[in-house]
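Enquirer: need a 3D model of the sequence below.
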Amino acid sequence: MSGLMSLVVCWGAWALGGGAPDEVLVRPQPRDAHLRNPGMGFIFYSSAGREALPELADVVFACVPVWSQVERAKGQYDWDIPQIRGVAELAARHQRRWAIRIMPSFQGHKQPIPAWLVEAGVPLYPADPKWLAHFGQHDLVEPQWWHPLYSEAHAAFVRAYGQRFDGAPGLEFIDMRYYGFWGEGHRFGATEPWPADVDKRELMKRFIDMYVGAFRKTPLVVQTARDRDEPYPGGTAIDYALEQGCWMRRDGFGGYLDERETRLLDTHWPRHPLVAENGAAYADYLAGKVPGWTIDRVIDEMLAHHISYFPMGWGLRDWEALVQQRPDLVKRVSRQMGYRFEVREASWPRVVKPGQTLSVRTVWRNTAVACLPFAWRPAVYLLDREGGRPVANAVHAQVDPRTWLAGQDQSVPFTLTVPVGTQPGSYAVAVGIENERGEPAIELGIEGDDGCKRYVLGDVEVAGD
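Expert: Presented below is the predicted three-dimensional model:
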């Protein structure tokens with residue numbers, strides 16, 4: 001929607017206050033819609049892109065490919081397997097974003113690393129059967145993480161991975177998987193002890209550096225789970241990954257976090273988005289099958305940890321169970337996860353002349369629980385009522401919305417110059433958040449979108465000379 005029609009539709013969203021006679025004062029109407037923004041959203045786990053995609057899905061996650069499926073011969077990589085290409089195409093068909101994780105350990109794969117690497121001498125160790133029985137899993141093995149050939153081959157794989165996908169259209173993030181059962185950063189089911197002469201932290205830093213060097217454009221995500229008998233978070237260099245700017249991911253909400261992990265997440269969420277995954281099926285929480293945990297408690301735990309991404313369960317049926325039985329929780333998550341910027345109040349002079357400056361005072365608030373992860377900036381626009389063309393705009397370069405945390409009012413004053421020669425008449429005042437290319441980039445939690453993610457607040461009259 002653009003032009004006069006958008007302004008007429010938006011008029012009902014303006015709540016005019018009792019400001020000074022020569023001043024416009026507005027309090028925009030919040031909207032109840034789900035916001036589809038980068039750096040946050042509902043995550044749908046897909047195995048090959050063949051599933052029906054739920055309407056609320058924001059990110060389609062290619063979650064089950066293992067390394068051996070991609071590298072079938074030494075140095076020969078097939079990135080078009082259905083577990084990757086199919087997921088990317090599913091996201092593209094529905095104009096959604098997508099994400100990838102490629103694992104070196106996963107159930108049902110007796111050889112999750114390339115066959116040539118096993119033939120070259122990298123051992124595979126089975127997980128403890130008693131530990132596996134607790135999860136109802138089978139055929140789960142781990143490679144010898146500290147083997148020099150494993151490290152060398154993994155470095156070559158990650159280089160090729162980055163060359164193929166870094167900065168790919170629509171790619172939201174890469175979930176780094178380089179160590180531990182399921183690649184989750186832990187060896188609780190290990191049957192082979194870690195050798196005393198191998199420094200685990202230094203090796204983990206090398207794995208992390210592989211990814212950081214290969215992915216310069218696409219965000220990286222580090223698993224924040226603790227490992228058995230290791231100092232946390234330093235033992236597996238999670239702290240080092242966060243220092244490199246990686247985002248966070250934690251499997252196991254709903255019964256598997258301990259207080260050390262909570263402290264880490266509480267410390268870092270203001271600058272590092274958190275990707276969540278449920279520790280058991282939503283259907284099991286709904287049915288009371290997880291001792292001590294209700295579905296309400298699981299959602300409370302996720303939001304209390306300031307999640308940016310909410311998992312849509314373990315498959316379509318699991319998600320549908322949550323939607324059908326507890327739509328109130330789905331709506332709550334939609335409103336509270338990630339960031340949600342609202343303009344609470346704005347004011348400016350009623351009349352301005354060409355060549356003069358227009359001062360626009362705004363008050364913003366983040367009404368959700370997490371952070372904006374991008375160095376973007378708030379902007380104000382003067383729009384022509386005939387077609388919505390920007391006549392003037394200004395960006396507040398000194399204001400950083402990444403620091404706008406939940407519930408805090410943020411005062412943002414703008415000054416823009418009305419160009420000499422601007423025709424007299426009524427013009428729209430609008431706001432937005434611009435990306436590094438100077439484009440309005442996110443949906444706001446208020447009414448008034450002009451169709452270009454610029455949100456009309458009201459009118460100013462440009463007088464004749």
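
Enquirer: which residues touch residue 214?
Expert: The neighbours of residue 214, taking Cβ atoms under 8 Å, 6 or more residues apart in numbering as the test, are 158-159, 161-163, 166. For every residue, glycine as well, the C-beta is placed using N, CA and C.

Enquirer: if you set the cut-off to 7 Å instead, what comes out?
Expert: 158-159, 161-162, 166 (Cβ atoms under 7 Å, 6 or more residues apart in numbering).

Enquirer: and for residue 110?
Expert: 139, 141.

Enquirer: just the pLDDT at residue 6, thanks.
Expert: You'll see residue 6 listed with a pLDDT of 35.

Enquirer: swap that for residue 16, sorry
Expert: 45.

Enquirer: surely residue 114 touches residue 68?
Expert: Yes. Proximity of residue 114 to residue 68 meets the contact threshold set by Cβ atoms under 7 Å, at 5.2 Å.

Enquirer: these two: who's more crowded?
Expert: Ranked by neighbour count (other Cβ atoms under 10 Å), residue 114 and residue 68 place residue 114 first, with 25 against 21.

Enquirer: what's around the closest residue to the more buried one other than its chain neighbours, how many residues?
Expert: Of all residues not flanking residue 114 in the chain, residue 71 sits nearest, at 4.5 Å (Cβ to Cβ, 6 or more residues apart in numbering). Residue 71 has 23 neighbours, counted by other Cβ under 10 Å.

Enquirer: cool, the one 3 residues further on as well?
Expert: Counted with other Cβ under 10 Å, the burial measure for residue 74 works out to 13 neighbours.

Enquirer: could you do the one 5 residues further on as well?
Expert: Neighbour count for residue 79, taken as other Cβ under 10 Å: 16.

Enquirer: the residue lying closest to it once chain neighbours are set aside in helix, strand or coil?
Expert: Ranked by Cβ to Cβ, 6+ apart and with sequence neighbours excluded, the top spatial neighbour of residue 79 is residue 164, at 5.1 Å. State at residue 164, reduced to three classes by DSSP: H, G, I helix; E, B strand; the rest coil: helix.

Enquirer: and residue 164, how far from residue 217?
Expert: 13 Å (Cβ to Cβ, to the nearest Å).

Enquirer: okay, these two: which has more neighbours?
Expert: Comparing residue 164 with residue 217 by other Cβ under 10 Å, the one with more neighbours is residue 164, at 13 against 10.

Enquirer: that one contacts residue 80, correct?
Expert: No. Judged on Cβ under 7 Å, residue 164 makes no contact with residue 80 at a distance of 10.1 Å.

Enquirer: before we move on, back to that, if I look at the residue nearest to residue 79, how far off is residue 351?
Expert: 56 Å.

Enquirer: quick check: domain ranges of this protein?
Expert: Domain ranges of the chain: 3-33+340-462, 41-336, per automatic domain parsing.

Enquirer: output the contacts of residue 214 in JSON lines; the columns should cover pLDDT.
Expert: Shown next, in JSON lines, are the contacts of residue 214 (pLDDT from 0 to 100):
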{"residue": "158", "pLDDT": "98"}
{"residue": "159", "pLDDT": "98"}
{"residue": "161", "pLDDT": "98"}
{"residue": "162", "pLDDT": "98"}
{"residue": "166", "pLDDT": "98"}
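
Enquirer: buried sites along stretch 456-465?
Expert: 456-460, 462 (16 or more other Cβ atoms under 10 Å).

Enquirer: let me see the contact set for the residue nearest to residue 114.
Expert: Going by Cβ under 7 Å, 6+ apart, residue 71 touches 77, 114, 157.

Enquirer: any idea what it is bridged to?
Expert: residue 77 (DSSP bridges).

Enquirer: just give me the neighbour total for residue 398.
Expert: 7.

Enquirer: same deal with residue 422?
Expert: Residue 422: 20 surrounding residues under other Cβ under 10 Å.

Enquirer: ok, which stretches of this protein are helices?
Expert: 3-11, 67-70, 87-93, 115-119, 129-135, 148-165, 200-214, 238-243, 259-268, 282-286, 295-304, 316-325, 327-336 (DSSP state H).

Enquirer: how about these, which one is nearest residue 416?
Expert: Set against residue 416 and scored by Cβ to Cβ, those come closest in helix 3-11, at 18.6 Å.

Enquirer: so the residue nearest to residue 114 versus residue 65, what's the distance?
Expert: Using Cβ to Cβ, residue 71 is found at 11 Å from residue 65.

Enquirer: could I get the buried residue list for stretch 235-250?
Expert: Of the residues in stretch 235-250, 235-242, 246-250 count as buried by neighbour count, 16+ other Cβ under 10 Å.
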